[in-house]
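1. this is a predicted model, with the sequence first.
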Amino acid sequence: MSGQRPSHLDPRTIMEALVNGANHDWRLDRSLTLPAILAIVTGIISAATLGATLKTRIETIEARTAAFDSEMRDARATSLHVARIDARLEALQETMAALRDDMRQLRKGMTGDGR
């Protein structure tokens, strides 16, 4: 056996094929059996199916996240609105208490008995 490599494994031949375009000497090796070919094709189909499934799941998660973000924005706006209403209500209650005190003072001054 000589120490030379077959011509198709020679780096110069490979580089020439890459530079000049596709190598037209490629052939299917006869040692590749039909079950091996079917296993490769099945693997490729499985990978493509898994990729499509993952893409669908990711799109669903993104849609749910967008909907959740929208709901959170609405909840924050509602929370701020409720806080403003609470502040106004508290101010009204303070005003009512002050008016009640003023009314008592007026009644006390009019009747003199302080009821």
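-> Thanks, I have the structure now. Computed from a prediction, not measured in an experiment: that's the story for all the values here.
2. what separation is there between the most centrally placed residue in the chain and Ala52?
-> With distances taken as CA atoms, centre = their mean, the residue of the chain nearest its centroid is Glu62 (3.9 Å). To Ala52, Glu62 is 16 Å away according to CB to CB, to the nearest Å. All C-beta atoms are positioned from the backbone trio N, CA, C, and that covers glycine.
3. can you check Gln93 too?
-> 61 Å.
4. avg pLDDT for stretch 49-62?
-> For stretch 49-62, mean pLDDT rounds to 95.
5. then stretch 79-96?
-> Stretch 79-96 comes out with an average pLDDT of 95.
6. can you give me the helices for this structure?
-> For the chain, the helices defined by DSSP state H occupy 11-20, 34-111.
7. check which helices and strands the longest one sits against.
-> Using 3 or more CB pairs under 8 Å, 6 or more residues apart in numbering; DSSP states H and E as the contact criterion, no secondary-structure element is in contact with helix 34-111.
8. check the offset of that helix from the chain's centre.
-> Computed by CA atoms, centre = their mean, to the nearest Å, the chain-centroid distance of helix 34-111 equals 16 Å.
9. do the same with stretch 32-50
-> Distance, centroid of stretch 32-50 to centroid of chain: 32 Å (CA atoms, centre = their mean).
10. convert that stretch to CSV, retaining C-alpha atoms only.
-> Included here for stretch 32-50 are C-alpha records, laid out as CSV according to Å, rounded to 0.1, in the frame of the first residue of the first chain:
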residue,chain,number,x,y,z
LEU,A,32,-25.1,3.1,2.7
THR,A,33,-28.1,0.8,3.2
LEU,A,34,-31.7,1.6,2.7
PRO,A,35,-32.5,1.4,6.4
ALA,A,36,-29.7,4.0,7.0
ILE,A,37,-31.1,6.3,4.4
LEU,A,38,-34.6,5.9,5.8
ALA,A,39,-33.3,6.6,9.3
ILE,A,40,-31.6,9.8,8.1
VAL,A,41,-34.8,10.9,6.3
THR,A,42,-36.9,10.1,9.3
GLY,A,43,-34.5,12.1,11.5
ILE,A,44,-34.7,15.1,9.2
ILE,A,45,-38.5,14.9,9.1
SER,A,46,-38.6,14.6,12.9
ALA,A,47,-36.3,17.6,13.3
ALA,A,48,-38.4,19.7,10.9
THR,A,49,-41.6,18.7,12.8
LEU,A,50,-40.1,19.5,16.1
